[in-house]
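A.B. asks: Sequence and predicted model, in that order:
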Amino acid sequence: MGKNLDISFYNQAKGLTDNDPEQIRVVINDLRGATEKEARIAMESALLMEKVLNDLEFKTKVTNPPFIVEYTNGLSLQQIYDKIKSGSTELEPAVDRTANLRVSIYYKRFSRAIGYTYPDTVWQWFNRKFLLDSVSGRITLSSNFLHEYCHKCQFDHPYRGFSRREVPYFYGDSLETVADKFFKNGKLTVASSFM
Ligand SMILES: [Zn+2]
C-alpha cells in the first residue's frame, strides 16, 4: 500500500490482447502437504479459477459492481481486470497470461482463517479444514486461490477486510457468484483451454 505501482503491465497486456482471446491460464506449479485426493480437488479448483477469470459474466461483474471498490491502487476497474488477467505479479512481473500458484496445505483446527500469504513469497497457504470434496469446497478453494492471487498482484485490504469491497474480497466473492454454472450433478464440467 502507498507505493507507486508500475502499470507498464497494462500497456503490455493491451498490446498482447489485440489479436488474442485474452485468456489467462491458471497453473499450480507446486503443491505441498496435500493428499492425492486434496491435490485433485486443488487442480479442479485452479481450473475453476481459470474458467471464471475468462468468463464474460465474471468480467461484467468485476467491471460494473453496484458499489465503489476499495484499495484499487488508483487503477480503474478495467485496469484491475486487465492486470489480474495479464499474469503479471509483483514477484513474477512478466506479462505471460499465466497465474502461477504455489500452494501449501496445512491444518489448524481452531482457526477461522481459510488461508493466507505474505508479500515476499510466491507461496500461499490453505487450511485443510476448509478443503472439502464438494462443489462448495471447490468454490471456496478457488475463491481463496483468486483472493491470494490478487495479493500477488499487489492488491491489499485491511486485516480481514472491513467491507469486502477491497479487490481480493471483491474478486473472490464475485467468483463465488458465477462458479455454480461450471458444475453439473456435483461435477466440474469444464476442461482447460490450454491442454
Ligand atoms: Zn487477503
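C.D. replies: On my side now, so go ahead. Numbers count the residues shown, from 1 in each chain.

A.B. asks: Next one: the most centrally placed residue in the chain from residue 168, what distance?
C.D. replies: The C-alpha lying nearest the average C-alpha coordinate of the chain belongs to residue 146 (CA atoms, centre = their mean; 1.6 Å). Distance, residue 146 to residue 168, using CB to CB, to the nearest Å: 8 Å. Just so you know, the C-beta spots here come from the backbone N, C-alpha and C atoms, and that holds for glycine as well.

A.B. asks: What of residue 141?
C.D. replies: Counting by CB to CB, the gap from residue 141 to residue 168 is 15 Å.

A.B. asks: Over to residue 108?
C.D. replies: According to CB to CB, residue 108 and residue 168 sit 20 Å apart.

A.B. asks: Ok, residue 23 next?
C.D. replies: Distance of residue 23 to residue 168, computed by CB to CB: 22 Å.

A.B. asks: For the protein, name the helix or strand with the lowest mean pLDDT.
C.D. replies: None of the helices or strands of the chain scores lower by mean pLDDT, DSSP states H and E than helix 8-17, at a mean of 47.

A.B. asks: where does the residue lying farthest from the centre of the chain land in three-state SS?
C.D. replies: Distance from the C-alpha centroid of the chain, by CA atoms, centre = their mean, peaks at residue 110 (25.2 Å). Secondary structure assignment for residue 110 (DSSP: H, G, I helix; E, B strand; the rest coil): coil.

A.B. asks: Look up phi and psi at residue 30.
C.D. replies: phi -150, psi 140 (degrees, to the nearest 10).

A.B. asks: Who are the contact partners of it?
C.D. replies: Residue 30 makes contact with 102, 103, 123, according to CB atoms under 8 Å, 6 or more residues apart in numbering.

A.B. asks: which among those end up buried?
C.D. replies: The neighbour count (16 or more other CB atoms under 10 Å) marks 102, 103 as buried among these.

A.B. asks: Point out where this protein drops to low pLDDT.
C.D. replies: 1-21, 161, 195 (pLDDT under 70).

A.B. asks: Turn the contacts of residue 30 into CSV, including distance to residue 93 and secondary structure.
C.D. replies: Below are the contacts of residue 30 laid out as CSV (distance: CB to CB, whole Å; DSSP: H, G, I helix; E, B strand; the rest coil):
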residue, distance to residue 93, secondary structure
102, 16, strand
103, 21, strand
123, 17, strand
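
A.B. asks: and the gap between the residue nearest to the centre of the chain and residue 83?
C.D. replies: To residue 83, residue 146 is 13 Å away according to CB to CB.

A.B. asks: how about residue 75, secondary structure?
C.D. replies: For residue 75, the assignment made with three-state DSSP gives coil.

A.B. asks: Pull out the buried residues from stretch 77-90.
C.D. replies: Buried positions in stretch 77-90, judged by neighbour count with 16+ other CB under 10 Å: 79, 80, 81, 82, 83, 84, 85, 86, 87, 88, 89.

A.B. asks: residues near the residue lying closest to residue 179 once chain neighbours are set aside, how many?
C.D. replies: Counting by CB to CB, 6 or more residues apart in numbering, residue 179 lies nearest to residue 139, which is 4.6 Å off, once chain neighbours are set aside. Counted with other CB atoms under 10 Å, the neighbours of residue 139 add up to 23.
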